[in-house]
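Chemist: this one's structure only:
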């Protein structure tokens, strides 16, 4: 009898309501909503990344340890970081620009909306340059960056 117990659980677990065609039965209207999917806590930060922000507009490209911050009306700032400090769900690069300003970039694995379009990005971004206010925006692997026509840059 003890040997049949695990087998009976397996058989019961395999049962699910079906409609006559064999497809899973529709969920009843009064069924509780499924829990929201948790955002992944890890990401492959070794790929080239692009971060963008609005108000003020800015963009940052991150390729390995090379950081390039672009802002309208300002010269591009290029800096080299020694590497990234990676923790579950985030990575931070800290570098000094050519003129000695500290540049810090942190990417967080969490869905992000740019606020100007219907696009959703897989990461939030924070960029700090010296004592200037922190720039906040969204980030994505550069190869997956959406283009104006809705495709991705990698296509």
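Modeler: Great, that's in hand. Everything quoted here is computed from the prediction, not taken from an experiment.

Chemist: ok, the nearest residue to residue 127 once chain neighbours are set aside - contacts?
Modeler: Distances taken as Cβ to Cβ, 6 or more residues apart in numbering place residue 135 nearest to residue 127, at 4.2 Å, with adjacent residues excluded. Backbone N, C-alpha and C define where each C-beta goes, glycine included. Shown in contact with residue 135 (Cβ atoms under 8 Å, 6 or more residues apart in numbering): 53, 56, 58, 125-129.

Chemist: repeat for residue 122
Modeler: Counting by Cβ under 8 Å, 6+ apart, residue 122 has contacts 43, 109, 111-112, 139-140, 144.

Chemist: show me these that map onto helices.
Modeler: The helices, defined by DSSP state H, take in nothing from the contacts of residue 122.

Chemist: flag the least confident of the residues you listed.
Modeler: Among the contacts of residue 122, residue 43 has the lowest pLDDT, at 68.

Chemist: the nearest residue to residue 97 once chain neighbours are set aside sits in which helix or strand?
Modeler: With Cβ to Cβ, 6+ apart as the criterion, residue 97 has its nearest non-adjacent residue at 4.7 Å, and that residue is residue 79. Per DSSP states H and E, residue 79 falls inside strand 77-80.

Chemist: now the helix or strand just after that strand: mean pLDDT?
Modeler: For strand 77-80, the succeeding helix or strand toward the C-terminus, using DSSP H and E, is strand 84-87. Confidence for strand 84-87, expressed as mean pLDDT, is 94.

Chemist: so, low pLDDT: which residues of this structure?
Modeler: 1-43, 148-155 (pLDDT under 70).

Chemist: okay, strands next: where are they in it?
Modeler: Using DSSP state E, the strands of the chain run over 49-53, 58-63, 66-70, 77-80, 84-87, 90-97, 102-113, 120-129, 135-141.

Chemist: for the ones you listed, state which one has the densest average packing.
Modeler: strand 49-53 (a mean of 24; mean count of other Cβ atoms under 10 Å).
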